[in-house]
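**Q** Sequence isn't available, so here's the structure alone:
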């Protein structure tokens, strides 16, 4: 290393030295402007994080472009709120921590609104509600099961809902049910069916699917958004969906946009935009495009 | 450390322990029965007779037990013919698939151990038998096989431990063996340390018992090799 | 058949990862093995005790249990430590967890092979080194180590073959090796038997190549040794 560089003034780069204060000044001004914005709740530009690995919600397509339902909807909502949005990707694990550390301002990543998450972040109203269902082979006796109710919300169960739940549990008595480990499906199966049916927990979703196909499982619990496209395709012609479309309880209460706890104003802005998008059918249109069926949250 | 979780789930672990022990013992028994003809044929000087058992040994020792088990558990269901026949009654059950996979695998390893020991039988023993006028079958039954079993004992002890450890793979195909029990406890309580260490301690204990058992057996069967006590 | 061909690149990608895991684990295992062998032969009771416990744990607990313990337990441990240091969530990479576990397991087996090899080195060679005025470290690196390799080689070769097969376990913690990818391909084509057969064959290919390599090494390290 040249000795001249060790002295504080001697590097001779006078142009840089002269420019530094100006750059600094501009930066400070910008920062103050941003901070002022943040405090005023006047959002002009935000970063929205998504996972980028959860088709059809958000994923990279074959050409390496970030696409999906979340991406399209995020652009649409930002347009309605008149905010400039930059979409960034972040691994699922740690996605909430990144939000709270300020790396981005909102999360749109098929995130279910659940009680534990509500302790860490504030959610907008739900923009989608993808119920969970049972999938069985068409040649399994269970395929003929008809639920008295089409929808079943597992919070505040009404007598009619209790009857539907009882009918479901009764039909599944002694059956073998598969779920992937550490999912809301496992949580549901353990809590509601653990004492009545044999629950098999698998490490990978593709193993659960294969086991159902080969007939070792009578049924599996899965997300409707994942299964409906499969069942409509050639790949899923042996399967059918049974039972009520279940939401609430362990399944959470729909999919929402997560923001930092202190940014209630941003959450409200998202909620207003989502309301509008639900009303004019934008969300329904996007849902049918990406999931092949309507996943709109109830208005 | 949350020991309470383990205490609460002790019945599950004990059920797993039972499954592990039953699975290992039955696999070893079936495997040994298969290994004897495999070893005898593989040790034969006739190239045609030894080719197939040698290929069998090569395959089962050269590929992972995990892949062999998946070939049977996930693989058998690929064939409509299997799923339509009585075979599916057997292969539909995870424990039967595990038993078949483990038995075939240990037959390969045990076959190789026995083949090596048969080939190393001191020729003097065979010669002595011949001069006594024994037939070939008699020589095998009275001389070669007993002598082989004795000399194969230490290597077979290792194989038993490998089989015990290998049997933990059963937990991956929905069987509630020791490892399967640990997996369930972890999945329901999120306690990876406690759940897997508990299973590890059980395995450690069984391993010690096997080592001790084989030491006793060697002491007994190798008595003729020890210097005479005065 | 065309389905198998379509998935073949995926399987080959997995095979590459299998070989990567095996080679990196080998590196760790050899390092741990050397340390373990020296510790077991050392005069220090503590070193011998630690090395002995290490061997007992490895020989007594199944690989699969150790691997899941290190992967899932390690995840919690790393994040507990990270949280105390104010770090962000750290994802334990299954690749690192897999390589460390397999390296750790086989370190114990390599230690055993190396110990046997070191004991087999002719005493006179080592004494000659000392007489030459070499430091103990020089004697170890210039005489004991190269001479030991020949004796340890059969054990090393055997350990390597077992290790290659053990890498299959990394599929359990979600690492996309060839066994995991065969599961994916077998699931979506509904032809798991076909894909696991392909993978079994590829394992035999790796083993076959290893055999050739081992024979070459054996020749190289046996230069100057007469064989009957």
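**A** Yes, it's here. All values derive from a computational prediction rather than experimental measurement.
**Q** use CA for all of it now, contacts and neighbours both
**A** Fine.
**Q** Which residues of chain A lie near chain B?
**A** Neighbours of chain B within chain A, by Cα under 8 Å from any Cα of the partner chain: A:181, A:182, A:200, A:201, A:202, A:211, A:214, A:216.
**Q** Pull out the buried residues from those residues.
**A** Neighbour counting with 16 or more other Cα atoms under 10 Å in any protein chain shown marks A:181, A:200, A:201, A:202, A:211, A:214, A:216 as buried within the residues of chain A next to chain B.
**Q** Among those, which lie within strands?
**A** Using DSSP state E, A:200, A:201, A:202 are the members of these that sit in strands.
**Q** Off-centre distance for the lowest-mean-pLDDT helix or strand in chain C?
**A** One helix or strand of chain C scores below all others by mean pLDDT, DSSP states H and E: helix C:74-84, with a mean of 80. Here the centre of helix C:74-84 is set off from its chain's centre by 26 Å, with Cα atoms, centre = their mean, to the nearest Å.
**Q** Check whether that helix comes near chain A.
**A** No: under the criterion of Cα under 8 Å from any Cα, helix C:74-84 makes no contact with chain A; the nearest approach is 11.1 Å.
**Q** list the buried ones in that helix?
**A** Residues of helix C:74-84 classed as buried: C:74, C:75, C:76, C:79 (neighbour count, 16+ other Cα under 10 Å).
**Q** Give me every residue in chain C lying close to chain B.
**A** C:57, C:60-66, C:68-69, C:72-73, C:161, C:165-166, C:168-169, C:179, C:190-194, C:196-197, C:199-201, C:203-204, C:207.
**Q** so is residue B:71 in a helix, a strand, or just coil?
**A** Here residue B:71 takes the helix state, with states given by DSSP: H, G, I helix; E, B strand; the rest coil.
**Q** same question but for residue B:118, I mixed them up
**A** The three-state label given to residue B:118 by three-state DSSP is helix.
**Q** Which positions in stretch A:168-181 come out as buried?
**A** Residues A:168, A:169, A:171, A:172, A:175, A:176, A:177, A:178, A:179, A:180, A:181 are the ones in stretch A:168-181 that count as buried (16+ other Cα under 10 Å).
**Q** pLDDT at the nearest residue to the fourth one once chain neighbours are set aside, what is it?
**A** Closest residue to residue A:172 in three dimensions, ignoring its sequence neighbours and counting by Cα to Cα, 6 or more residues apart in numbering or on different chains: residue A:197, at 6.3 Å. Note for residue A:197: predicted pLDDT of 97.
**Q** which element is residue A:298 on?
**A** Using DSSP states H and E, residue A:298 falls within no helix or strand.
**Q** can you check residue A:246 too?
**A** Residue A:246 belongs to strand A:239-247 when assigned by DSSP H and E.
**Q** if we can go back for a sec, okay, the residues of chain A next to chain B in CSV with pLDDT next?
**A** Output for the residues of chain A next to chain B, formatted as CSV (pLDDT from 0 to 100):
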residue, pLDDT
A:181, 89
A:182, 81
A:200, 96
A:201, 95
A:202, 94
A:211, 96
A:214, 95
A:216, 95
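**Q** Helix or strand next in line after the strand holding residue A:246, which one?
**A** Using DSSP H and E, the first helix or strand after strand A:239-247 is strand A:255-259.
**Q** Point out the other elements, helices or strands, that that following strand touches.
**A** If contacts are counted by 3 or more Cα pairs under 8 Å, 6 or more residues apart in numbering or on different chains; DSSP states H and E, strand A:255-259 sits against strand A:106-107, strand A:122-128, helix A:264-279.
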